[in-house]
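Colleague: Let me see the structure of the following:
(4 chains)
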4 protein chains.
Amino acid sequence: MAVGDADAADAAASAAGETLTATVVGASGFAGGELLRILAGHPNFDLAGATSREYAGKSVGSVHPNLRGSDLRFSDPADLDSVDVVFAATPHGVSMAQIDQFYESADTVVDLSADFRLNTEAQYDQWYDGHDAPEYLDEAVYALPELHREELPGADLIAAGGCNATATILGLYPLFDGGVLSGGERIVADVKVGSSEGGAGGGKASSHPERSGVVRPYAPTGHRHEAEIEQELGASVSFTAHAVDMVRGAAATCHVFPDGPVSKGDLWSAFRGTYDDEHFVRLQSGGSGVYRYPEPKAVAGTNYAEVGFELDPGNERLVVFSAIDNLVKGTAGQAVHAANLALGLEETAGLDFQGLHPVGSP
Amino acid sequence: MAVGDADAADAAASAAGETLTATVVGASGFAGGELLRILAGHPNFDLAGATSREYAGKSVGSVHPNLRGSDLRFSDPADLDSVDVVFAATPHGVSMAQIDQFYESADTVVDLSADFRLNTEAQYDQWYDGHDAPEYLDEAVYALPELHREELPGADLIAAGGCNATATILGLYPLFDGGVLSGGERIVADVKVGSSEGGAGGGKASSHPERSGVVRPYAPTGHRHEAEIEQELGASVSFTAHAVDMVRGAAATCHVFPDGPVSKGDLWSAFRGTYDDEHFVRLQSGGSGVYRYPEPKAVAGTNYAEVGFELDPGNERLVVFSAIDNLVKGTAGQAVHAANLALGLEETAGLDFQGLHPVGSP
Amino acid sequence: MAVGDADAADAAASAAGETLTATVVGASGFAGGELLRILAGHPNFDLAGATSREYAGKSVGSVHPNLRGSDLRFSDPADLDSVDVVFAATPHGVSMAQIDQFYESADTVVDLSADFRLNTEAQYDQWYDGHDAPEYLDEAVYALPELHREELPGADLIAAGGCNATATILGLYPLFDGGVLSGGERIVADVKVGSSEGGAGGGKASSHPERSGVVRPYAPTGHRHEAEIEQELGASVSFTAHAVDMVRGAAATCHVFPDGPVSKGDLWSAFRGTYDDEHFVRLQSGGSGVYRYPEPKAVAGTNYAEVGFELDPGNERLVVFSAIDNLVKGTAGQAVHAANLALGLEETAGLDFQGLHPVGSP
Amino acid sequence: MAVGDADAADAAASAAGETLTATVVGASGFAGGELLRILAGHPNFDLAGATSREYAGKSVGSVHPNLRGSDLRFSDPADLDSVDVVFAATPHGVSMAQIDQFYESADTVVDLSADFRLNTEAQYDQWYDGHDAPEYLDEAVYALPELHREELPGADLIAAGGCNATATILGLYPLFDGGVLSGGERIVADVKVGSSEGGAGGGKASSHPERSGVVRPYAPTGHRHEAEIEQELGASVSFTAHAVDMVRGAAATCHVFPDGPVSKGDLWSAFRGTYDDEHFVRLQSGGSGVYRYPEPKAVAGTNYAEVGFELDPGNERLVVFSAIDNLVKGTAGQAVHAANLALGLEETAGLDFQGLHPVGSP
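Modeller: So this is what the prediction gives:
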């Protein structure tokens, strides 16, 4: 099917009460497993396929134990049935090579890799190595509905943001949206992430004995997510990522030095102005009890982001905290959220899990 | 209202399509929080109240961060509105003292403490200290639907089982139900539990520095759950519980010495015979991959129990494994499951969360 | 005894081959337990006493299980024997109230609280509430030998630094010592700490279910350790502390914006110039393998600090990493290290543990 | 050199005040790293070599971050210098193939694999696959000094026991040694182990996301350590091992059904009779406080074993608990302990680390 034809829009217009079919490509990874879980509980989607080269023929529950009750089996990625939506949860580089194949199967493609997040080939080349399908970069919509709600309806190529970028962008965006920052300020994003970001493959650095209890600077400088962050915010952010001991979760602490004085009222006004109508963003700033600021634990398993802030007038600094589940709001949930909007479905469909308390790692 | 009158049965008969009201008493604890979460997502329940002496007036999200989006506030337990069901998640001893007050508010009481689990005052006195309302012991139904499905419809007093007992009973019951065991055999239940079993109160032994990374025999012998286990199975079990480093979960490893040879076929036949029609029990025994036997992680946040087994002919032993989320299948989920059956609702209503993969502690 | 008399210097001059006696006041806490462990293995110290109001009469092993083999029992803090050195590991405020009592027992006092870290009463009043013994502030020596090696010999009042301050100071000091920074630059210290910093007391926020798996901003701004950092570095640092899931450890990531270009050579030169002769500081910056930068795990249980850095020219930023065990280099080990130097003992005496690999939390 | 000649005995007789040389073969693994750590701090050993095929030429600190300060580099295992002792920490099967090469380098070989633990080829063949050097099986001494103190002096081939077997044997041995058991009783060993038992290699099952928070029956039945246990105790034990969330540690809970009544006095008498003179075994049974029974955390990093018990008269059961650090008392520390005795050194030399409190995983 040709990209951009009327089919996707048609589907969107009529979909709210219907059932759409979807295939998850790369379904044995962590992000793919989350897509399976979310889509299996989604009122408007039927899972038509779940591909995995390595596990083709095996039940999805043999890899994802939470899905042990499911009858679905992994299929070979070479055999894609015709469906309404392809969700691609493959490693970086795969989607750009297979995008035409995806469009032969579906009108709408939602990609969870970095392949279509950046708007121009020049940006891509600056941070990655050579794009195979640069002609799609311009039309792809960055998935975060909090920033791209207007562009999503009818979109036929959606690029889910990177998990660390998502946490950082959601924390800082209100400062730009609300006029607190203009783009030249010093901004540090110090991010702490769980081990699921390393993927399902194992490897020595992510082995339990080596990975447990760490505070490990795994990307001290030059993290590729800086590219997305700069694109979405229109400003440079000094980014550093640390591995800490949790499985799910990304928490960004952004240290911001505005050009002049900023009051708490300015901040509340900015954050409320940006997020008051956003279902999946919760402002959480101070208060009493054990959980006073955004925390990955509080949103684990959910599509919620928590955002909060604190003033440090003595140092002329703002501190902004944001927390997400890297595999849901940071990947698979964000993808489904955007697909819901693209296809005219209920925005929250399939994304109603409220999370657990207490929860460990989680 | 008088216990045992026709109202409860009436409610049950007509409830499937209706909405019932419920109050959670003791809603600030971990079990109470799970009840809030489950009931908030339950299609047939409206949460009318959530009591907490300590937190009355505060939002439920100030204690349970996963519920931060909720408008519900804790109310004083002295003021119970009239509702269809009271779920009591109070410490042992409270429900027996307040059972008459509960029945003034509701026709159906579901109690999560140990107060009404044992059938007779004599049993109770053997393991606990003096019962305040022994006249209710006989009529209370032990909540596990896998054992008491027939007694639940119309029940107006339901006692959710203990979490460790639930894990142990679900693992061993098929051996008795299927005739593999008759009651005089040596059976050891070696149970491993998460820190949420200790409740929300804190205390030195459950502080993070002391509790992290433990394998701690916290109930070497004489655990009170032995009473429930013996009642439900009709056999004595040598029980020992260990704290291990997870927040949610109870895993029972039962070492069983049958009187004569037992084949794998005998075991499959027994377990399938007992559980093939049970939605919330999954048999998981061997196979390939990382997750080959029951594991708390695989059911974390869900109402599922996993049960599996292995033969050890060289030692004339069977080993049975079972795993649950102590706060869901072991407490709040079991309670809602039983309430669904008692009130004629869809058995799985409110209990459809499938769990996460990967998940840490969880 | 009068402070500042000749006795302490005498003791120092002759101590290297002798045995000194020591009492640990506040020995049931985590820092006190570390002092017991270190002093028990120290070739020049005899443990004369270990006080604890709560546990007086009990064996030290009943609180600190690693010391189960010891015969030592806690004694009442009111009964301090005459010894060479008092190590005080009491909560903030206790030492300032009891300093005269300490000096009646010993010539040398090593205090692990915040009571004597700041040089002037004005500084103290700015961050804390009213000092009981301000006349001692001026003479107390801040314990870090990497900064105060010259002042320690003969010192009779030593104030061990705060753990988070220690991590931050050790990371940043070479930039000032080596002339890379001059004091007006933007500096952020984003610190991640283990649960042992919360002390042995328990409490809801540090209970295992609530504390596991967190990334929790527990001191977003205004942390009191900023006072020490500013005093020791002569520069303001924007400080934010997060609780993460480990028991021991403090890791500081310092984001620094120097006024002009800085090369890797400049940094190596600064760090080597400052630390090449320091036994307990290891430079660790890049390289291959799993552990490329400073990590709390790599120094857990030891008196070592690891320090490293990375350049981020695109953002005109330096990132400096440092990692310590908060209870050793950050508290008890630092105290013994300083006492060794004050008393003329071998600098490394009692501090030779090399740490473990692999280790979990640790 | 011929095995069994006088050289080893000579070395032993004269070694106490001397320095011996040692090579660690297989030094990049976890057990090898522990040998490096222990021998580096051992007063009587000089580390002459540390071999690793994979890391030859790299510093030992590049793999074992706790040894970052060391100058030692891995060497090729093909080039073994002549030393007094070879410690072999290679995978099962390697030592039996290279035993003659080891003896060309050293008079004394201490092997940490399973290759020489069993006394006869028949035993070996029952549990493993074909032995390459069965002629050494008879002369090898099983390393546990608590059972083989008399045979160790002068031994030139020492086989360190398996970690799970060591925990189990140390818990149960007093019951046989003290006449409580005679060998036909039902005994269950339910063992919980840390992730370091899986070795340094990584792999999907031991990746942090999959391995965190587990209670995973990884060896439900048929664990090879049953062979050692039976050999050392002269009795069969029904063994089951579970992975739990810690890095170091093995804890055995042994459920024992004696033929007749046993009193607490009988047990204390048996355990004290066996262990009262054993430096590295601590009896820990009940008492007050957080740590009442043996716990891996309490011995982490040390060569201590903790052993305790409880009576369950209602079930005619004894429960015995034992806990070790699998890499120290269960492997490398046991090896050095045995070598100390074999070579006439101070029994505790190099093994004086007392462990930490608090500690996480550890």
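Colleague: what about the helix or strand in which A:Thr21 is found and chain B, touching?
Modeller: Secondary structure from DSSP states H and E places A:Thr21 in strand A:20-25. No - taking Cβ under 8 Å from any Cβ of the partner chain as the criterion, strand A:20-25 and chain B are apart, separated by no less than 13.9 Å. For glycine as for every other residue, the C-beta is placed from the backbone atoms N, C-alpha and C.
Colleague: helices or strands next to the helix or strand immediately after that strand in the chain in the packing?
Modeller: Counting by DSSP H and E, the next helix or strand C-terminal to strand A:20-25 is helix A:30-40. Under the contact definition 3 or more Cβ pairs under 8 Å, 6 or more residues apart in numbering or on different chains; DSSP states H and E, helix A:30-40 sits against strand A:20-25, strand A:45-50, helix A:333-342.
Colleague: before we move on, back to that, give me the angle between the strand holding A:Thr21 and helix A:333-342.
Modeller: Counting by axes from the mean of the first three to the mean of the last three Cα atoms, to 10 degrees, strand A:20-25 lies at 150 degrees to helix A:333-342.
Colleague: related to what we said a few turns ago, nearest approach to B:Tyr124 belongs to which of the helices and strands packed on helix A:30-40?
Modeller: B:Tyr124 lies closest, by Cβ to Cβ, to one member of these: helix A:333-342, at 47.2 Å.
Colleague: That closest one and chain B in contact?
Modeller: No - if you take Cβ under 8 Å from any Cβ as the test, helix A:333-342 misses chain B, and the best it gets is 11.6 Å.
Colleague: With just CA atoms, put that helix into PDB.
Modeller: Extracted C-alpha coordinates of helix A:333-342, given in PDB (Å, rounded to 0.1, in the frame of the first residue of the first chain):
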ATOM      1  CA  GLY A 333       2.600   2.400  26.200                       C
ATOM      2  CA  GLN A 334       3.600   5.600  24.500                       C
ATOM      3  CA  ALA A 335       3.300   3.700  21.200                       C
ATOM      4  CA  VAL A 336      -0.200   2.500  21.900                       C
ATOM      5  CA  HIS A 337      -1.200   5.900  23.300                       C
ATOM      6  CA  ALA A 338      -0.100   7.500  20.000                       C
ATOM      7  CA  ALA A 339      -1.700   4.800  18.000                       C
ATOM      8  CA  ASN A 340      -5.000   5.300  19.800                       C
ATOM      9  CA  LEU A 341      -4.900   9.000  18.800                       C
ATOM     10  CA  ALA A 342      -3.800   8.300  15.300                       C
END
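Colleague: pLDDT (mean, whole number) over that helix?
Modeller: The pLDDT scores in helix A:333-342 average 98.
Colleague: buried set for the strand holding A:Thr21?
Modeller: For strand A:20-25, the neighbour count (16 or more other Cβ atoms under 10 Å in any protein chain shown) marks A:Leu20, A:Ala22, A:Thr23, A:Val24, A:Val25 as buried.
Colleague: Can you tell me who the third one pairs with across the strands?
Modeller: On DSSP bridges, the residues paired with A:Thr23 through beta bridges are A:Gly49, A:Val86.
Colleague: Please verify my assumption that it contacts A:Phe45.
Modeller: No - shown here, A:Thr23 and A:Phe45 do not form a contact pair, counting by Cβ atoms under 8 Å, at 10.4 Å.
Colleague: who touches both of these two?
Modeller: Residues touching both A:Thr23 and A:Phe45 by Cβ atoms under 8 Å, 6 or more residues apart in numbering or on different chains: A:Val85.
Colleague: Got the domain ranges for chain A?
Modeller: Following automatic domain parsing, one finds the domains of chain A at A:6-161+A:328-342, A:163-324.
Colleague: looking at the ones you listed, which is buried most?
Modeller: Scoring the domains of chain A by mean neighbour count under mean count of other Cβ atoms under 10 Å in any protein chain shown gives domain A:163-324 as the most buried, with a mean of 23.
Colleague: near chain B, anything from that domain?
Modeller: Yes - Domain A:163-324 is in contact with chain B by Cβ under 8 Å from any Cβ, via A:194, A:196, A:200, A:246-248, A:282, A:284, A:287-291, A:295, A:297-302, A:304, A:306.
Colleague: Tell me which of the residues you listed fall in strands.
Modeller: Using DSSP state E, the subset of these located in strands is A:Arg282, A:Glu306.
Colleague: for chain A, what spans make up the strands?
Modeller: Under DSSP E, chain A gives strands at A:20-25, A:45-50, A:85-88, A:108-111, A:141-142, A:157-159, A:186-193, A:215-219, A:238-244, A:250-257, A:281-283, A:305-312, A:317-324.
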